[in-house]
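A.B. asks: fold the following and give me the result.
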Amino acid sequence: MTLVELVKLIGNILTEIDSMLSRPELSTSDPDWQQLYALRKHLDDQQRELVKLSINLSDAAYTTATQQIAAANAEITKVLGDFAKIDKVINNIAKVAGYIDKVLQIAGKVGI
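C.D. replies: Numbers count the residues shown, from 1 in each chain. Got it, this is the predicted structure:
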């Protein structure tokens with residue numbers, strides 16, 4: 001996955017989160033809404049950092065991290081329609097954020 005593809009994927013996840021946050025059955029006072037919003041903010045910040053980077057795309061750790069991000073995104077998409085599984089959505093978004101942290105760490109290793 002190229003860096004541009006990764007940034008686009010994160011943008012898609014942000015759109016999915018925005019869709020969930022705007023659902024009427026999820027109040028802004030709900031702890032799930034607050035957790036989703038916090039994760040959304042974190043992913044947005046990470047996306048901004050990624051846009052600034054130049055990463056060695058052949059790095060095995062980068063490839064592994066982006067594969068994990070894609071898999072977690074597939075899980076988010078799978079359960080997104082079932083509001084009863086919001087805990088799984090939150091868990092997978094947290095995984096994505098963790099994998100993006102790995103990508104940002106890789107970028108730090110290459111002297112950016």
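A.B. asks: so where's this structure shaky on pLDDT?
C.D. replies: Low-confidence segments of the chain (pLDDT under 70): 54-58, 80-84, 109-112.
A.B. asks: what strand or helix carries Ser29?
C.D. replies: Ser29 is part of no helix or strand, with elements assigned from DSSP states H and E.
A.B. asks: need the contact list for it.
C.D. replies: Not one residue lies near Ser29 by C-beta atoms under 8 Å, 6 or more residues apart in numbering. For glycine as for every other residue, the C-beta is placed from the backbone atoms N, C-alpha and C.
A.B. asks: ok, it to Gln67 distance?
C.D. replies: Distance of Ser29 to Gln67, given as C-beta to C-beta, to the nearest Å: 37 Å.
A.B. asks: so what's the residue count around the residue nearest to Met1 when sequence neighbours are not counted?
C.D. replies: Closest residue to Met1 apart from its sequence neighbours, by C-beta to C-beta, 6 or more residues apart in numbering: Thr66 at 4.0 Å. By other C-beta atoms under 10 Å, 22 other residues sit near Thr66.
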